[in-house]
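Undergrad: Quick one, what's the 3D model for this:
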Amino acid sequence: MEATLSYLMLFNLTTMKKITLLGILLFFVVSTQAQRLEIREVPEAVMIAFRKANPGVGNPQWRKDKENYQAKCMVNKTPRTFTYTKSGTPVVKDAKAAMEALPGAVREYLDRNHHGAVVDKVLRIINPKGTVNYAVEINGSDLIFDANGKYLKTQKIF
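TA: As a prediction, this is how the structure comes out:
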C-alpha cells in the first residue's frame, strides 16, 4: 500500500511538471503568433508604401513592432526588412550583407578590436533620408558603423 502511494505521488508530481511545461510552451507559441499580422491587419497606407517601393515583391511576412509595421521578404534573393509607421512613412530598411560588402575600415576595426571573434550577423541599414549604416553583431554586441566604416556606437538593433 505504501509503495502504491509513493508511486501515485511521484506520478502526480511528474504529471504536474509536464502540464506546467506544456502550458509554458503553449504560452510562448501563442505570444509569438500574436506578433505576426494578417495582411488585412496592415493599414492601407503601409501596404501602398510597401508596394510602391517594392513592385513585384510577393506577399511579405508582416509583424507589428511597437507602433511600426515590419515587412520581411526576399528581394533579389536577399532577405530584407522594411519598417513603416502606421501612416506609411518608411522608417528603416535593412538587408543582410556579407563581410566582403563591408567597407575596409570596418574590417580593419574588427580585426584590430575584435580579432578572432565570430561575426554572427552583418546588416546594411538605410534610413528614410538615404543614409547608409552597417551593423555587425559580435559576441552579443551590435556595432554600428557609418557608410565609410567609421565606428559610431554599440547598440542592440537585431
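Undergrad: how about the nearest residue to residue 150 once chain neighbours are set aside, what does it touch?
TA: Spatial nearest neighbour of residue 150, chain neighbours left out: residue 105 (6.6 Å); criterion: C-beta to C-beta, 6 or more residues apart in numbering. The C-beta positions use only the backbone N, C-alpha and C, and glycine is treated the same way. Listed by C-beta atoms under 8 Å, 6 or more residues apart in numbering, the contact set of residue 105 reads 145, 148, 149, 150.
Undergrad: can you pull the contacts of the second one?
TA: So that's residue 148. Residues near residue 148 by C-beta under 8 Å, 6+ apart: 103, 105.
Undergrad: Kindly report the same for residue 154.
TA: Counting by C-beta under 8 Å, 6+ apart, residue 154 touches 141, 142, 143, 144.
Undergrad: could the residues you listed go into JSON lines alongside neighbour count, pLDDT and secondary structure?
TA: Converted to JSON lines, those look like this (neighbours: other C-beta atoms under 10 Å; pLDDT from 0 to 100; DSSP: H, G, I helix; E, B strand; the rest coil):
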{"residue": "141", "neighbour count": "13", "pLDDT": "85", "secondary structure": "strand"}
{"residue": "142", "neighbour count": "17", "pLDDT": "89", "secondary structure": "strand"}
{"residue": "143", "neighbour count": "20", "pLDDT": "93", "secondary structure": "strand"}
{"residue": "144", "neighbour count": "17", "pLDDT": "94", "secondary structure": "strand"}
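Undergrad: mind checking how far stretch 44-64 is from the chain centre?
TA: 18 Å (C-alpha atoms, centre = their mean, to the nearest Å).
Undergrad: what's the average pLDDT for that stretch?
TA: Regarding stretch 44-64, the rounded mean pLDDT is 91.
Undergrad: now do stretch 83-99
TA: For stretch 83-99, mean pLDDT is 87.
Undergrad: Show the residue spans covered by the strands in this structure.
TA: Using DSSP state E, the strands of the chain run over residues 36-37, 61-65, 68-75, 78-84, 90-96, 119-126, 132-138, 141-146, 151-154.
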